[in-house]
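Chemist: Here you go, sequence then predicted model.
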Amino acid sequence: MNRNTLLLTGAALLALTGCDNPGTRCCPNTCGGDTVKLITLDPGHFHAALVQKRMFPGVSPKVHVYAPAGPDPSLHLDRIRGFNTRAEDPTSWESVVYTGPDFFDRMIAERAGNVVVLAGNNARKTEYILKSVQAGFHVLADKPMAITPKDYELLKQAFEVARSKGVLLYDIMTERFEITSVLQRELSRFPTVYGEQEKGTPDDPAVTKESVHHFCKQVAGKPLQRPPWYYDTTQQGEAIVDVNTHLTDLIQWETFPGVALTPADIKVLKARVWPTPITLEQFKTSTSQTAWPDYLKKDLDAQGVLQCRANGEFTYVIRGVHAKASVLWNFQPPAGAGDTHYSLMRGTRSSLIIQQGEAEGYKPVLYVEPRRVAGVNKEELGRALTDAVATLAKTYPGISAEPHETGWRIIVPEQYAVGHEAHFGQVMEAFLGFLQNRDMPDWEVPNMLVKYHTLMEAYRLSR
């Protein structure tokens with residue numbers, strides 16, 4: 001084990017935090033100075049670093065990192081150093097690191113902060129979440145918070161403990177901050193533009209989300225090095241319970257905004273998973289490892305190619321609306337491209353469609369297409385859209401709509417297209433606001449539970 005500073009316990013910890021029990025909810029409201037002190041736990045995923053891509057008022061620059069010894073914490077610290085040393089708007093984080101087999105117990109015993117950030121290997125993540133809230137820490141967790149039905153039972157317990165302890169448990173839903181998703185949601189709330197929500201059918205869902213991801217890509221301007229366990233779905237989670245967390249969240253958030261859902265509102269109709277083949281050479285490129293680790297050998301085919309169960313989709317009904325969520329993983333994107341997103345919301349008057357293909361320069365673009373049904377007049381719909389966009393422009397200055405061959409294209413100024421990595425800072429900002437103001441919406445916790453309930457039902461059906 002090692003540490004690059006002295007242990008902070010007893011009087012020294014009290015002097016640092018201004019609070020004799022920084023794991024409790026009192027701290028964000030009552031402690032002087034920096035009221036939020038971050039703890040990064042077992043940071044095996046690059047998302048753990050992205051929440052620190054910028055500084056935040058009221059958040060201590062000193063962040064305690066607890067992890068097992070190995071390459072994962074080293075890669076995390078390299079990313080933090082990159083943020084600290086960049087030429088434009090450098091950060092000033094101070095990492096206090098402990099590595100050793102007892103890293104989790106050490107974190108609980110030392111109580112060096114009050115907010116635990118979790119983004120890494122998902123095999124024990126739900127257990128860490130539960131034990132952290134039991135100890136009185138707030139938790140900001142990367143998706144997924146559960147990857148098996150057994151984990152989901154622990155997660156339900158964790159939310160109940162968090163409620164009784166008065167601490168916040170929240171997952172990092174970055175896609176709610178993507179401007180085209182925001183505007184798709186907002187436009188669906190204008191009946192003169194969208195009409196009523198279509199119900200759809202199992203074979204023709206009225207709400208569809210599809211996300212294409214890549215194992216090999218650039219993050220923070222550098223080639224991303226994946227940990228080798230990322231290719232093991234027993235540690236990372238299968239597609240249905242991983243990236244589909246985002247898509248399921250968006251479907252709930254956009255289709256039933258501000259509504260507290262229950263598991264009874266959900267019925268999963270069909271689900272399937274299928275593999276992405278990964279050669280050893282591709283694995284080397286992505287992880288810098290020269291051989292397959294033992295835990296991946298179970299997934300090798302007769303030719304020695306890894307069959308990673310990375311793709312998954314399911315169709316379900318949410319309060320009578322048929323929806324479909326699909327995630328596909330390729331090894332590498334086409335030149336000039338990256339991860340992409342497709343989204344359809346179909347109302348009785350128009351369809352709201354986000355495309356991110358070659359025609360859009362691989363950047364998300366929102367289109368409004370009139371429905372070809374009786375009672376929908378395109379000119380009348382165009383006037384209604386102009387009025388709706390003018391209303392939304394009061395909140396999002398500069399947005400507009402222009403004619404397109406299929407209807408209209410929503411024009412969004414560059415200032416709103418901040419990119420996926422910046423959304424982590426926006427999630428952190430929202431979370432800090434909930435801590436300070438005690439104003440997390442009442443529907444958030446029920447809908448997090450319903451989201452993971454949906455994923456687990458799809459997981460079971462895919463088996």
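Modeler: Cool, got the structure. Numbers count the residues shown, from 1 in each chain.

Chemist: how many neighbours does the residue lying closest to residue 411 once chain neighbours are set aside have?
Modeler: Using C-beta to C-beta, 6 or more residues apart in numbering and skipping the chain neighbours, the partner closest in space to residue 411 is residue 400 (4.7 Å). Any C-beta I mention is one placed from the backbone N, CA and C, and that applies to glycine too. Residue 400: 15 surrounding residues under other C-beta atoms under 10 Å.

Chemist: Then residue 266?
Modeler: 20.

Chemist: got it, and residue 282?
Modeler: 18.

Chemist: if we can go back for a sec, so the residue nearest to residue 411 makes contact with residue 392?
Modeler: No - using C-beta atoms under 8 Å, residue 400 makes no contact with residue 392, being 10.0 Å away.

Chemist: In a strand, residue 113, correct?
Modeler: No - counting by DSSP: H, G, I helix; E, B strand; the rest coil, residue 113 is not part of a strand but coil.

Chemist: re earlier: and the residue nearest to residue 411, what does it touch?
Modeler: 389, 393, 410, 411 (C-beta atoms under 8 Å, 6 or more residues apart in numbering).

Chemist: For the last one, grab the count of nearby residues.
Modeler: One way to gauge burial is a neighbour count; for residue 411, by other C-beta under 10 Å, it gives 13.

Chemist: What's the local residue count around the closest residue to residue 201 other than its chain neighbours?
Modeler: In this structure, residue 201 finds its nearest non-sequential neighbour in residue 322, 5.8 Å apart by C-beta to C-beta, 6+ apart. By other C-beta under 10 Å, 22 other residues sit near residue 322.

Chemist: Next, the contact list for residue 322, please.
Modeler: Per C-beta under 8 Å, 6+ apart, neighbours of residue 322: 199, 200, 201, 202, 204, 205, 206, 207, 269, 315, 316.

Chemist: mind running it again at 6 Å?
Modeler: Counting by C-beta atoms under 6 Å, 6 or more residues apart in numbering, residue 322 touches 200, 201, 205, 206.

Chemist: looking at this, it is in a strand?
Modeler: Yes - secondary structure assignment places residue 322 in a strand (three-state DSSP).

Chemist: The closest residue to residue 38 other than its chain neighbours: neighbouring residues, count only.
Modeler: Using C-beta to C-beta, 6+ apart and skipping the chain neighbours, the partner closest in space to residue 38 is residue 63 (4.6 Å). A count of nearby residues for residue 63, using other C-beta under 10 Å, gives 22.

Chemist: for residue 63, what are its contacts?
Modeler: 38, 40, 93, 95.

Chemist: Hmm, the first one is touching residue 114, no?
Modeler: Yep, that's residue 38 we're talking about. No - Residue 38 is beyond contact range of residue 114, at 8.5 Å (criterion: C-beta atoms under 6 Å).

Chemist: Sketch out the low-pLDDT regions of the protein for me.
Modeler: Along the chain, segments meeting pLDDT under 70 span 1-34, 220-221.

Chemist: distance of the residue positioned nearest the centre of it from residue 245?
Modeler: By C-alpha atoms, centre = their mean, the chain has its centre lying nearest to residue 173, at 3.7 Å. As defined by C-beta to C-beta, to the nearest Å, residue 173 lies at a distance of 8 Å from residue 245.

Chemist: With residue 181 instead?
Modeler: From residue 181 to residue 245 the distance is 15 Å (C-beta to C-beta).

Chemist: okay, these two: which has more neighbours?
Modeler: More crowded of residue 181 and residue 245, by other C-beta under 10 Å: residue 245, with 28 against 21.

Chemist: which residues does the more buried one contact?
Modeler: So, once contact is read as C-beta under 6 Å, 6+ apart, residue 245 ends up touching 143, 144.

Chemist: so which helix or strand takes in it?
Modeler: helix 244-255 (DSSP states H and E).

Chemist: State the next helix or strand along the chain beyond that helix.
Modeler: strand 266-278.

Chemist: Can you tell me what sits against that following strand?
Modeler: Against strand 266-278 from outside (C-beta under 6 Å, 6+ apart): 202, 238, 305-312, 314-318, 329, 454, 457-458, 461-462.

Chemist: Direction included, what does that strand pair up with?
Modeler: Strand 266-278 has these partner strands in its sheet, going by DSSP bridges: strand 306-318 (antiparallel).

Chemist: Alpha carbons only: can I get the strand it pairs with in PDB?
Modeler: The C-alpha coordinates for strand 306-318 follow below in PDB (Å, rounded to 0.1, in the frame of the first residue of the first chain):
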ATOM      1  CA  LEU A 306     -13.500 -12.500 -28.300                       C
ATOM      2  CA  GLN A 307     -17.300 -12.600 -28.600                       C
ATOM      3  CA  CYS A 308     -18.200  -9.700 -26.300                       C
ATOM      4  CA  ARG A 309     -21.900  -9.500 -25.500                       C
ATOM      5  CA  ALA A 310     -21.900  -5.800 -26.100                       C
ATOM      6  CA  ASN A 311     -25.000  -5.300 -28.100                       C
ATOM      7  CA  GLY A 312     -28.600  -5.300 -26.800                       C
ATOM      8  CA  GLU A 313     -32.100  -4.000 -27.400                       C
ATOM      9  CA  PHE A 314     -35.500  -4.400 -26.000                       C
ATOM     10  CA  THR A 315     -39.100  -3.300 -26.700                       C
ATOM     11  CA  TYR A 316     -41.400  -2.400 -23.800                       C
ATOM     12  CA  VAL A 317     -44.600  -0.600 -22.900                       C
ATOM     13  CA  ILE A 318     -44.400   2.400 -20.500                       C
END
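
Chemist: Now do it against helix 244-255, angle only.
Modeler: Between strand 306-318 and helix 244-255, the angle comes out at 20 degrees (axes from the mean of the first three to the mean of the last three C-alpha atoms, to 10 degrees).

Chemist: Identify each buried residue in strand 306-318, please.
Modeler: For strand 306-318, a neighbour-count test (16 or more other C-beta atoms under 10 Å) marks 306, 308, 309, 310, 311, 312, 313, 314, 315, 316, 317, 318 as buried.

Chemist: and if you look at stretch 337-349?
Modeler: 337, 338, 339, 340, 341, 342, 343, 344, 345, 346, 347, 349.

Chemist: do you know how far the second one is from residue 364?
Modeler: In this structure, residue 338 and residue 364 are 11 Å apart, going by C-beta to C-beta.

Chemist: do the same with the last one
Modeler: Relative to residue 364, residue 349 is positioned 23 Å away (criterion: C-beta to C-beta).
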